[in-house]
Structure formats: C-alpha cells, structure tokens
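Chemist: need a 3D model of the sequence below.
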Amino acid sequence: MVKNIQSTVTLHNGVEMPWFGLGVYKVTDESEIVDVVAAALNYGYRHIDTASFYQNEEGVGKGIRKSEVPREDIFVTSKVWNDEQGYDETLEAFENSLRRLETTYLDLYLVHWPVAKKYTETWRALEKLYTEGRVRAIGVSNFHVHHLQHLMKNANIKPMVNQIEYHPHLTQGEVHAFCKNEGIQLEAWSPLKRGILLNEPVLIEIGKKYGKTPAQIILRWDLQTEVITIPKSSNLGRLVENADIFDFELTSEDLKQINALNKNKRVGMNPDDLDQK
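Modeler: This is a model prediction of the structure:
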C-alpha cells in the first residue's frame, strides 16, 4: 500500500520516484505557477511534472526556489516537445529546459510523443544525457506497445517510465500489461479526464462509502493499479484534497467496478494519429 504523499516506487535503474505528484499543464501565468508549486512543495508534494510545451518551466523553477524544500528532495520531470525532437535538437532542448528551470539536472526526462522517424534519435540523445549523469532517469510519454517495441529494438537503455493518458474511461490494458512485464513504470496524465469523470455515478457511490470525492477515488485507484498519478490543480484547497487519499484502501470489488467503466475514450490525441515510422 502507498502510505503517504512522499511514498516512492523504485524504477528499474534504482531511482526512487514519488507515486504522487503535481501536474502543471496549462498553468501559464507566472505568479500563479510560482505560488502553486511553492504551496504544493511546502504542503508535502515532492514530485513536479512540467514540459517545454507547457511554457511554464521558468515559473516551476521559481516556485521550487520559493519553497522551503531543497532541490535534491524534489523529483522534477520535463519533456522534449515534438518540434524539438532529433538527436542534436533534443540535446539543445534539454539545455534550454535546464536554463529555464535554473537547475543543473533533471530527475526524469521524457520523449513527449512518438514523432515518426525522430523518436529513436531523440531517445539516443536521452541515453547520452543519462549516461553523462545529466538526468537521473529517462522515459517516454504517449507510447503504445508497438512504439515501445520499436524503440527497444534500437535502444541501449530501456525506458524507465511511460506517461500516458490513463483514467477509468481509458484503462489501456495492453500498454499497462506490457509495461508491467518489461519493468517500465506507468504514469497517468489527465487522471481525472479533465473533470469529466467527477459526475460518474459509480465513483460518487464508492466515494460515499469512504467519505471521499470522486476525484479522490480515481487517484486512489491509480495508486492501487500501480500507476503514478500527477493531478493538476492551481487551487490550494484542491491540492490538499487531491493528496488526501492515503487513509483508505479500495476493495477488490471497488477496483472491479471502476475498471468496468473503461470506454477506450480519450480526451487527448491518439499517438497513432501521428505520422508513424
């Protein structure tokens, strides 16, 4: 059982990654992002997930420095965007992310999407950064099984993480099983399906049993299905509410009911809609 907000999972390279974190997609106002990151860290969060595409890395860095938490105690993730992919381009993008964050290293660097004819070269750049100690772990985002298989045929280092859209309407069973078998840690983006799931009757009923909100039920389900979760919020009350999921445990019947909500419905793009290899 994941015991608290700072509990970690050990990635296949031995790095400890927090199960629970803060996503900051679409939080672009600098004062807002600074305040929310600092508040989250001071409350107990230790995992912040950003990306160059989010255009808020500078604010994330300022929020980290504004907080009372030392940088070495924080797990910071960023991602290389699609138009930055390729070997040399990725190395440059990485340096730009470090500069904006004002940090000397990242804890996790991800290939944001499997861009055709580029992601294997992008991965080669990530391997270089990893072997040089510039980043503690490397991984991918939005990769289906066939992307992972293709990448691993051409890679020297297996991805440590695959961050995908994952929620009760999109359980991605094939990707989940493949990653578990390969020792690749799954991570959920948009775990609440951008709020769409908060009116789901099954989740409301399960929540009543534990005195929890539908959002809290979903986030607890993430953890009990062995998926790292990074809900986004810029509201302090919601930050606290999202993290209040460590004092109960869903039953196997609860999990079965939630899993049965799967509709294979996305709110984001299907990675296969990109022009593939």
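Chemist: what about the helices in the stretch 1-150 of the chain?
Modeler: Here the stretch 1-150 of the chain has its helices, by DSSP state H, counting those that start in this stretch, at 30-43, 57-66, 87-101, 119-131, 145-153.
Chemist: mind listing what's buried along the longest one?
Modeler: What that stands for is helix 87-101. Using 16 or more other C-beta atoms under 10 Å as the test for burial, helix 87-101 gives Y87, E89, T90, L91, A93, F94, S97, L98, R100, L101. C-beta: built from backbone N, CA, C; applies to glycine.
Chemist: cool, the shortest one as well?
Modeler: Within helix 145-153, the residues that count as buried by 16+ other C-beta under 10 Å are V145, H147, L148, H150, L151.
Chemist: what does that helix contact?
Modeler: With C-beta atoms under 8 Å, 6 or more residues apart in numbering as the test, helix 145-153 has contacts from 114, 119-120, 123, 140, 143, 158-159, 162, 174-175, 178-179, 182, 184, 271, 277.
Chemist: now the angle between helix 119-131 and it, please.
Modeler: Put simply, helix 145-153 runs at 60 degrees to helix 119-131, going by axes from the mean of the first three to the mean of the last three C-alpha atoms, to 10 degrees.
Chemist: could you check how far helix 145-153 is from the centre of its chain?
Modeler: When distances are taken as C-alpha atoms, centre = their mean, to the nearest Å, helix 145-153 is centred 20 Å away from the chain's centroid.
Chemist: give me the average confidence score over it.
Modeler: Average pLDDT, helix 145-153: 97.
Chemist: check stretch 249-256 too.
Modeler: 98.
Chemist: mind listing what's buried in it?
Modeler: L250, D254.
Chemist: on that earlier part again, turn the helices of the stretch 1-150 of the chain into a markdown table, including distance to K79.
Modeler: Listed next are these as a markdown table, based on distance: least, C-beta to C-beta, whole Å:
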| stretch | distance to K79 |
| --- | --- |
| helix 30-43 | 16 |
| helix 57-66 | 10 |
| helix 87-101 | 9 |
| helix 119-131 | 11 |
| helix 145-153 | 15 |
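Chemist: which stretch among these comes nearest P231?
Modeler: The minimum distance between P231 and the helices of the stretch 1-150 of the chain falls on helix 30-43, with 10.7 Å, by C-beta to C-beta.
Chemist: and that closest one with helix 57-66, angle?
Modeler: Orientation check (the same axes, to 10 degrees): helix 30-43 against helix 57-66 gives 40 degrees.
Chemist: same for helix 30-43, what does it pack against?
Modeler: Contact partners of helix 30-43 among helices and strands, from 3 or more C-beta pairs under 8 Å, 6 or more residues apart in numbering; DSSP states H and E: strand 22-23, strand 47-49, helix 57-66, helix 236-242.
Chemist: make CSV out of these and add mean neighbour count, mean pLDDT and distance to K128.
Modeler: Shown next, in CSV, are these (neighbours: other C-beta atoms under 10 Å; pLDDT from 0 to 100; distance: least, C-beta to C-beta, whole Å):
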stretch, mean neighbour count, mean pLDDT, distance to K128
strand 22-23, 26, 98, 27
strand 47-49, 26, 98, 23
helix 57-66, 21, 98, 21
helix 236-242, 16, 95, 36
